[in-house]
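Enquirer: output the structure for:
(4 chains)
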2 protein chains.
Amino acid sequence: MLRCRLHDSRVTLDSARARTYLPPGMKCSASTAAPPSVRGRPREFDPDEALAAALRVFWARGYEGASMAELTEAMGITKPSLYACFGNKEALFKKALDLYERDKLAYIGKALEAPTARGVAERLLNGAVATHCGDSDPHGCLGVISTVVCAAEADPIRADVIKRRASSEAAVVKRFEQARRDGDLPDSVCPTKLASCLTTLLQGLAVKAQGGAQPEELQGSIDTFLAMWPGR
Amino acid sequence: MLRCRLHDSRVTLDSARARTYLPPGMKCSASTAAPPSVRGRPREFDPDEALAAALRVFWARGYEGASMAELTEAMGITKPSLYACFGNKEALFKKALDLYERDKLAYIGKALEAPTARGVAERLLNGAVATHCGDSDPHGCLGVISTVVCAAEADPIRADVIKRRASSEAAVVKRFEQARRDGDLPDSVCPTKLASCLTTLLQGLAVKAQGGAQPEELQGSIDTFLAMWPGR
DNA sequence: CCGAATATATACCGGTCAGTACAGAACATC
DNA sequence: GATGTTCTGTACTGACCGGTATATATTCGG
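Expert: Next up is the predicted model:
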């Protein structure tokens, strides 16, 4: 499983290449706001669209399962264009992951704004089913796929995704602590453990969706869970 | 993602090869109980031990992530020996999966014998944590890994694992229907949905274990879930 | 001791992997 | 139009993939 890592992509990318792509969410507005500096032949594709296409491939196949040939075909560009614009496969994946969190996981932030703890759980669970069983996108959760699939234990992709998920769960914990202060949750329940239980169920939903489960079946899990919910 | 499928392994295996390996659980005792018929050079390795080693590799790396080189090294044999004994990578994986279900998932059958529905759930959840967080084996669930990882939608490995899991869940459903007749569960709960919820949580536990979660954290999810449990 | 039968080890097959060298094409500036 | 800069397409690299051909050991029945 030793992969070819003959060159240091960061050097060629950050110094020699000036026009690498940044996903729309993260503008580096702090630096010198130079004019777009369009000298030379203009790019013939839209990096946003290409990245969206790459996201769909990674989502359907996983990081290792997505080959560069498949990616370039879906993105409608050739390999040199991809490498010039996005760096390498790993950098492309991280940018796709950023896009995924920003677009497809936006429901998480919204869910945390629900007025009650139960409302938070309800929105999270329904949002997960809608996202992971949607007809226009691949089934399953890109985060779960990436956590589970990656080969080597020390894989930086895996570590990155796990770290991102931990911060999401921490946000749920904080929300549930607030809910207990608000009286949404009885004092007998531990916010940390309840959040852990909820996120565990969420990840299970993602696995089942990945396996082709129908949304109605997942809805059954959700209904049962919410019927057991301790509090309002 | 087109894989090399140049030969039909079943033909060469079942007809030409007579001494292919069968996991210990599935003796074909019905057929002619011929003497071991050890003509020719004897095998220098123990197929049971080799299969157990292969299982650990698949468990840690997934089906596609495990390379034949890694497998043969862990098994202590060469590639021709592997192919002669186990067929090909896919057949080896299925045999490893059989061994996994027989040895590592034995707690599921035991759990279904618990006297109450709550007892069934408790044993299933605790058994999952013990199995997927053990120190002597890779973390996570081979079934979940295999479901999530496989590349092509039509991959027979994926389909096989999903089918196996469906039969497990069906067994839980039947057990919960019995539990409701026994009065373990209130009439308001649907056995199917409750089983779905439980197995969803179980798969979420596997994902978290895969990501390196400590058993104490998973125990928190379990405690919370069982505290919410409807019935006895 | 002789072949038949089976297992082993080496070396190899075509194919795919991620990544790149190179030449030509398209633009801005001079 | 010349020049410099950037992008695009073709063709390629070395490494690894799953799987196998071949030759050599090692055992058996005869």
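Enquirer: all contacts plus neighbour counts: C-alpha atoms, from now on.
Expert: Noted.
Enquirer: which ones are touching residue A:142?
Expert: Going by Cα atoms under 8 Å, 6 or more residues apart in numbering or on different chains, residue A:142 touches A:58-59, A:62, A:97, A:100.
Enquirer: where do the helices sit along chain A?
Expert: A:9-11, A:47-61, A:68-75, A:79-86, A:89-103, A:106-111, A:117-132, A:142-149, A:156-182, A:191-210, A:215-228 (DSSP state H).
Enquirer: can I get those helices in TSV with mean pLDDT and distance to DNA strand C?
Expert: Conversion of those to TSV gives the following (pLDDT from 0 to 100; distance: least, Cα to the nearest atom of the strand, whole Å):
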stretch	mean pLDDT	distance to DNA strand C
helix A:9-11	33	6
helix A:47-61	96	10
helix A:68-75	97	4
helix A:79-86	97	5
helix A:89-103	96	4
helix A:106-111	97	28
helix A:117-132	98	24
helix A:142-149	87	14
helix A:156-182	93	13
helix A:191-210	97	21
helix A:215-228	98	31
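Enquirer: who wins for proximity to residue B:175 among the ones you listed?
Expert: With Cα to Cα as the criterion, residue B:175 lies closest to helix A:215-228 of those, at 17.0 Å.
Enquirer: which secondary structure elements does that closest one contact?
Expert: Applying 3 or more Cα pairs under 8 Å, 6 or more residues apart in numbering or on different chains; DSSP states H and E, one finds that helix A:215-228 contacts helix A:117-132, helix A:191-210, helix B:191-210.
Enquirer: format these as a markdown table; extra columns: distance to residue B:125 and mean neighbour count.
Expert: Converted to a markdown table, those look like this (distance: least, Cα to Cα, whole Å; neighbours: other Cα atoms under 10 Å in any protein chain shown):
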| stretch | distance to residue B:125 | mean neighbour count |
| --- | --- | --- |
| helix A:117-132 | 21 | 22 |
| helix A:191-210 | 12 | 25 |
| helix B:191-210 | 6 | 25 |
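Enquirer: so which of these is nearest residue B:223?
Expert: The closest of the helices and strands packed on helix A:215-228 to residue B:223 is helix A:191-210. By Cα to Cα, the value is 7.9 Å.
Enquirer: show me what the closest one is packed up against.
Expert: Applying 3+ Cα pairs under 8 Å, 6+ apart, one finds that helix A:191-210 makes contact with helix A:117-132, helix A:142-149, helix A:156-182, helix A:215-228, helix B:142-149, helix B:191-210, helix B:215-227.
Enquirer: turn these into a markdown table, columns for distance to residue A:193.
Expert: Below are these laid out as a markdown table (distance: least, Cα to Cα, whole Å):
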| stretch | distance to residue A:193 |
| --- | --- |
| helix A:117-132 | 14 |
| helix A:142-149 | 20 |
| helix A:156-182 | 8 |
| helix A:215-228 | 15 |
| helix B:142-149 | 23 |
| helix B:191-210 | 13 |
| helix B:215-227 | 5 |
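Enquirer: for the ones you listed, which one sits closest to residue A:77?
Expert: helix A:142-149 (23.0 Å).
Enquirer: report the angle between the closest one and helix A:156-182.
Expert: If you take axes from the mean of the first three to the mean of the last three Cα atoms, to 10 degrees, helix A:142-149 sits at 130 degrees to helix A:156-182.
Enquirer: domain parsing for chain A?
Expert: Domain ranges of chain A: A:45-99, A:104-228, per automatic domain parsing.
Enquirer: can you add distance to residue B:141 and give the ones you listed back as CSV?
Expert: Shown next, in CSV, are the domains of chain A (distance: least, Cα to Cα, whole Å):
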stretch, distance to residue B:141
domain A:45-99, 18
domain A:104-228, 10
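Enquirer: thinking again about what came up before, among the helices and strands packed on helix A:191-210, which is nearest residue B:135?
Expert: That would be, of the helices and strands packed on helix A:191-210 and by Cα to Cα, helix B:215-227, which comes in at 10.7 Å.
Enquirer: tell me which residue of chain A lies closest to DNA strand D.
Expert: Going by Cα to the nearest atom of the strand, DNA strand D is nearest to residue A:40 of chain A, at 2.9 Å.
Enquirer: re earlier: and residue B:140, which of the helices of chain A is closest to it?
Expert: Across the helices of chain A, residue B:140 has its closest neighbour in helix A:142-149 (8.4 Å, Cα to Cα).
Enquirer: how far out from the middle of the chain is that closest one?
Expert: On the basis of Cα atoms, centre = their mean, to the nearest Å, helix A:142-149 sits 9 Å off its chain's mean C-alpha point.
Enquirer: restricting to C-alpha, output that helix in CSV.
Expert: What follows is helix A:142-149, C-alpha atoms only, in CSV (Å, rounded to 0.1, in the frame of the first residue of the first chain):
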residue,chain,number,x,y,z
LEU,A,142,-18.8,11.3,2.7
GLY,A,143,-17.4,11.6,6.1
VAL,A,144,-18.3,8.1,7.2
ILE,A,145,-17.0,6.8,3.9
SER,A,146,-13.8,8.6,4.3
THR,A,147,-13.3,7.5,7.9
VAL,A,148,-14.0,3.9,7.3
VAL,A,149,-12.3,3.4,4.0
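Enquirer: tilt between it and helix A:89-103?
Expert: Using the same axes, to 10 degrees: helix A:142-149 against helix A:89-103 is 140 degrees.
Enquirer: run the angle between helix A:142-149 and helix A:191-210 for me.
Expert: Interaxial angle, helix A:142-149 versus helix A:191-210 (the same axes, to 10 degrees): 90 degrees.
Enquirer: picking up where we left off before, who wins for proximity to residue B:148 among the helices and strands packed on helix A:215-228?
Expert: Among the helices and strands packed on helix A:215-228, helix A:191-210 comes nearest to residue B:148, with 6.4 Å by Cα to Cα.
Enquirer: any idea of the angle the closest one forms with helix A:47-61?
Expert: 90 degrees.
Enquirer: what number of residues lie near residue A:135?
Expert: 9 (other Cα atoms under 10 Å in any protein chain shown).
Enquirer: do residue A:81 as well
Expert: 14.
Enquirer: next one: it from residue A:39, what distance?
Expert: 16 Å (Cα to Cα, to the nearest Å).
Enquirer: and of the helices and strands packed on helix A:191-210, who's closest to residue A:203?
Expert: Closest of these to residue A:203 is helix B:191-210, at 4.7 Å (criterion: Cα to Cα).
Enquirer: hang on, the earlier thing: dump the helices and strands packed on helix A:215-228 into TSV; add distance to residue B:159 as well.
Expert: Below are the helices and strands packed on helix A:215-228 laid out as TSV (distance: least, Cα to Cα, whole Å):
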stretch	distance to residue B:159
helix A:117-132	19
helix A:191-210	12
helix B:191-210	17
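Enquirer: just send those back as CSV, with distance to DNA strand D too.
Expert: CSV is the format used below for these (distance: least, Cα to the nearest atom of the strand, whole Å):
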stretch, distance to DNA strand D
helix A:117-132, 29
helix A:191-210, 23
helix B:191-210, 21
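Enquirer: and of the ones you listed, who's closest to residue A:52?
Expert: helix A:117-132 (15.5 Å).
Enquirer: what angle sits between the closest one and helix A:156-182?
Expert: Relative orientation of helix A:117-132 versus helix A:156-182 (the same axes, to 10 degrees): 150 degrees.
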